[in-house]
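This is the structure alone, sequence omitted:
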């Protein structure tokens, strides 16, 4: 059986038997979005009533509540008018000349949608098909060991157009129409597979309670591991296609520019928590250190260095152990020709001791 036939056979089996097909889709938010766009293109105003009908849909409001700020929702409303109302085109041109506006990801998402409107209007049908979802699961499993979690039976996938983003907060998942479409140009299912990776990846269970200081350290360790490995599925596309992927440079600057500085601050934070004193770092402190990135910074930076030094298979095989990405990074960084920053010996000792306390072994 050749490679293509084997893939089609696996996909067929997955379509027949995988619990991934238990998911439900909700496309109300993106359907309403196009209705709003059509009215704006007819130069009609976005009234409070229409905005509330659109924004308060679960696929919009809950996504914003969990992932963004109310201020960004207000920006989305404002920029909808600038981008799609003909009478506001002069204002849009002025906005695009302002550096701080040009770099605004809420505005950039709407400009991307405007530029790709015809294709995006039809794309919802493709990404809500069982075949598409099954293919995404196959891709996610390439970055996982054989043992995986079953998909939650009550998973609902909401498709929206709020941001150039996708997210998962069990039991819900959010497909950002624009980002799914853009990354699919290079690897079909990449963004969705990243989110499915979070659902499928098995994580070690604590065998005993740990201190408050250790618990907050463990939370950021888990985040770095979770996002760092999943980022190999989609963020690597930006590395390999930096000239042709939309806003690849912006994404890579975000992921890499401050990564070494963040590693240094994480190192210091681990040393503080190792003492378990009154000045221990909280979960909020670690979120601030990692630039509110949920572990993407420095997770992908670390995973990328591990991969370029031959550790990809080890990283995937041990993805259930959130400490392993730190151990593999320590080894890879020491032999990497670019001499990336490393964690201190004291921090590595703390991580190994914490692993033993949490899981009962190294």
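That came through fine. All values derive from a computational prediction rather than experimental measurement.

Can you show me the helices along the stretch 201-350 of the chain?
Taking DSSP state H, counting those that start in this stretch, the helices of the stretch 201-350 of the chain run over residues 212-240, 248-256, 259-274, 283-289, 296-308, 312-317, 324-335, 345-359.

Which among the ones you listed is found nearest to residue 147?
helix 312-317 (10.6 Å; CB to CB). Using the backbone N, CA and C atoms, a C-beta is placed for each residue, glycine as well.

after the lowest-mean-pLDDT helix or strand in the chain comes which helix or strand?
When the helices and strands of the chain are scored by mean pLDDT, DSSP states H and E, helix 3-17 comes last with a mean of 45. Per DSSP states H and E, helix 3-17 leads on to strand 24-26 as the next helix or strand towards the C-terminus.

which sections of the stretch 101-250 of the chain are below the confidence cut-off?
Within the stretch 101-250 of the chain, the segments meeting pLDDT under 70 span 101-102.

which residue packs closest to residue 300, ignoring adjacent ones?
Leaving out its chain neighbours, the residue that sits closest to residue 300 by CB to CB, 6 or more residues apart in numbering is residue 231, at 3.8 Å.

got the contact list for that neighbour?
194, 255, 296, 299, 300, 303 (CB atoms under 8 Å, 6 or more residues apart in numbering).

which phi and psi does the residue nearest to residue 335 when sequence neighbours are not counted have?
In space, and not counting its chain neighbours, residue 335 is closest to residue 309: 6.0 Å by CB to CB, 6+ apart. Taking degrees, to the nearest 10, you get phi -110, psi 20 for the backbone angles of residue 309.

What's the separation between residue 309 and residue 228?
According to CB to CB, to the nearest Å, residue 309 and residue 228 sit 15 Å apart.

Among these two, which residue is more densely surrounded?
More crowded of residue 309 and residue 228, by other CB atoms under 10 Å: residue 228, with 27 against 17.

quick revisit: list the contacts for the residue nearest to residue 335?
Counting by CB under 8 Å, 6+ apart, residue 309 has contacts 331, 332, 335, 336.

okay, now the domains of this structure?
Structural domains assigned to the chain are 7-202, 212-359, following automatic domain parsing.

about what we covered before: residue 67: which of the contacts of residue 309 is nearest?
Lowest distance from residue 67 to the contacts of residue 309 (CB to CB) belongs to residue 332, with 30.9 Å.

Excluding chain neighbours, what is closest to that closest one?
residue 309 (3.9 Å).

for residue 70, same thing?
Of all residues not flanking residue 70 in the chain, residue 64 sits nearest, at 7.2 Å (CB to CB, 6+ apart).

now stretch 262-281: mean pLDDT?
Stretch 262-281 shows an average pLDDT of 96 in the prediction.

buried set for it?
Neighbour counts using 16 or more other CB atoms under 10 Å place 262, 263, 264, 265, 266, 267, 269, 270, 273, 274, 280, 281 of stretch 262-281 among the buried residues.

same check, this time on stretch 281-290
281, 285, 286, 287, 289, 290.

residues in contact with residue 263?
Going by CB under 8 Å, 6+ apart, the list of residues near residue 263 reads 298, 301, 302, 341, 343.

Tabulate those residues (CSV), appending neighbour count, pLDDT and distance to residue 31.
As requested, the contacts of residue 263 are arranged in CSV below (neighbours: other CB atoms under 10 Å; pLDDT from 0 to 100; distance: CB to CB, whole Å):
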residue, neighbour count, pLDDT, distance to residue 31
298, 31, 98, 38
301, 25, 98, 38
302, 28, 98, 40
341, 14, 98, 47
343, 21, 98, 48
